[in-house]
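> Any chance you could fold what I've pasted below:
(one chain, ligands or ions: 1)
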Amino acid sequence: MRRTLSILLISTIAAPALFGHGNDSHFPRAQDVTVRTTKVNGNVYMLQGRGGNIGAVVGPEGILIVDDDYRDVAPKLAAALKGLGSDKPRFVLNTHWHGDHTQGNETFGKDSTIVAHVNVRKRLLDPPVVFGRSTPPYPSFALPIVTYSESMSIHLNGEEIRLVHYPNGHTDGDSIVYFTKANVVHFGDTFFVDRFPFVDIDSGGSVQGLINNIGALIPKVAPDAKIIPGHGPVSTHADLKNYHALLVESVKIVTDAMKARKSLEDIQKAGLPEKFKEAGSGFIKTDQWIATIHRSYSIK
Ligand SMILES: [Zn+2]
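Purely as a prediction, here's the structure:
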């Protein structure tokens with residue numbers, strides 16, 4: 001009973017920021033959002049509004065974007081894309097189904113071909129209840145009309161844009177997107193940069209799966225690649241390795257305590273060592289991260 005109560009409390013705290021992945025206290029309104037454009041490498045850019053980071057490859061053959069922010073930010077994103085050549089991308093790729101990465105599909109879906117892993121389409125047709133929050137199904141024009149299972153490539157502007165699926169990590173429909181010529185990789189929410197991750201267990205996510213996926217990606221990503229994370233600044237291979245260590249170490253502390261038959265409440269009370277303080281200051285606080293690990297490793 002006490003455990004149920006504590007999960008409910010955590011859910012209530014987390015719910016308003018669920019798809020914001022940001023701090024509630026300064027979660028800006030759409031009219032206050034400025035979409036910032038950063039050149040990453042070659043003809044690949046990163047755009048940042050209020051939701052997930054957007055990747056874009058631009059050139060004479062048109063624009064391809066990775067993720068498209070919230071519904072109410074999408075018009076500002078379109079205006080920023082116009083500055084790069086066109087407000088009507090030929091392709092929109094969704095790294096996973098969460099609204100802060102896909103709601104803009106409603107704006108772009110009428111003109112663009114939306115591409116995603118097959119589970120993203122499934123989730124958008126029948127969104128799971130996450131943290132007690134429900135999402136209505138997306139209209140057909142806002143759904144991915146091209147889906148893939150393991151990997152696929154799109155060739156545009158002399159760039160090979162390669163999507164590779166990694167199973168059951170942040171969700172069950174995660175794509176890593178490689179801009180192979182520009183040596184840029186968009187990680188979606190598989191990578192949060194120095195902060196504890198949001199693992200969406202209700203959408204098929206798994207803490208061990210996320211660790212496995214990042215571990216598998218470390219040798220695959222070039223040491224000098226530029227990494228666009230789901231949220232936060234452009235990052236490096238070293239940042240990715242640090243992130244993997246952060247997850248492995250914090251998870252070991254919690255799973256060791258679980259093996260010692262400590263309750264979730266006791267593990268939360270004991271907390272994590274001081275060096276994880278900064279990691280617990282983002283969207284996912286230390287207590288929530290401990291609860292997520294506890295839940296994920298309790299699933300048989
Ligand atoms: Zn997400």
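> okay, CA-based contacts and neighbour counts for the rest of this
Fine.
> the helices in the stretch 1-150 of the chain, which residues?
2-14, 74-83, 99-102, 105-108, 118-125 (DSSP state H, counting those that start in this stretch).
> Just the CA atoms from the last one would do, formatted as CSV, please.
Below are the C-alpha coordinates for helix 118-125, written out as CSV (Å, rounded to 0.1, in the frame of the first residue of the first chain):
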residue,chain,number,x,y,z
VAL,A,118,6.9,0.7,-36.9
ASN,A,119,6.2,0.9,-33.1
VAL,A,120,6.0,4.7,-33.3
ARG,A,121,3.0,4.5,-35.7
LYS,A,122,1.4,1.9,-33.4
ARG,A,123,1.9,4.1,-30.4
LEU,A,124,0.5,7.2,-32.2
LEU,A,125,-2.5,5.3,-33.3
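> That helix packs against which elements?
Helix 118-125 sits against strand 146-148, with contacts defined as 3 or more CA pairs under 8 Å, 6 or more residues apart in numbering; DSSP states H and E.
> got the contact list for the strand it packs on?
With CA atoms under 8 Å, 6 or more residues apart in numbering as the contact definition, strand 146-148 has outside contacts at T113, I114, V115, A116, H117, V118, R121.
> Tell me what the fifth one is bridged to.
H117 forms beta bridges with Y148, as assigned by DSSP bridges.
> and what of the first one?
For T113, the beta-bridge assignment (DSSP bridges) gives partners F91.
> Neighbours of it, how many?
Using other CA atoms under 10 Å, T113 has 20 other residues around it.
> what's the answer for the fifth one, then?
A count of neighbours around H117, defined by other CA under 10 Å, yields 28.
> That one is in contact with D172, isn't it?
No. Assessed by CA atoms under 8 Å, H117 is found out of contact with D172, at 9.1 Å.
> And the furthest pair within the contacts of strand 146-148?
Greatest spatial distance in those: T113 and V118, 14.6 Å, computed using CA to CA.
> And what about G205, helix, strand or coil?
Assigned with DSSP: H, G, I helix; E, B strand; the rest coil, G205 falls in the coil class.
> As CSV, the contacts of strand 146-148 with distance to S281 and pLDDT would be great.
Rendered in CSV, the data for the contacts of strand 146-148 read as follows (distance: CA to CA, whole Å; pLDDT from 0 to 100):
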residue, distance to S281, pLDDT
T113, 37, 98
I114, 34, 98
V115, 33, 98
A116, 31, 98
H117, 31, 98
V118, 33, 98
R121, 32, 98
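> closest to L217 among those?
Once CA to CA is applied, the member of these that ends up nearest L217 is H117, at 17.8 Å.
> State the distance from the closest one to A30.
From H117 over to A30 the distance is 28 Å, taken as CA to CA, to the nearest Å.
> low-confidence ranges in this structure?
1-27, 300 (pLDDT under 70).
> So which elements touch the top strand by length along it?
Ranked by residue count, the top strand of the chain under DSSP state E comes out as strand 159-166. Under the contact criterion of 3+ CA pairs under 8 Å, 6+ apart, strand 159-166 touches strand 151-156, strand 174-179.
> ok, now with 10 Å
If contacts are counted by 3 or more CA pairs under 10 Å, 6 or more residues apart in numbering; DSSP states H and E, strand 159-166 sits against strand 113-117, strand 146-148, strand 151-156, strand 174-179, strand 184-186, helix 207-217.
> I'd like the distance from the second one to the chain centre, please.
Think strand 146-148. The chain centroid and the centroid of strand 146-148 are separated by 19 Å under CA atoms, centre = their mean, to the nearest Å.
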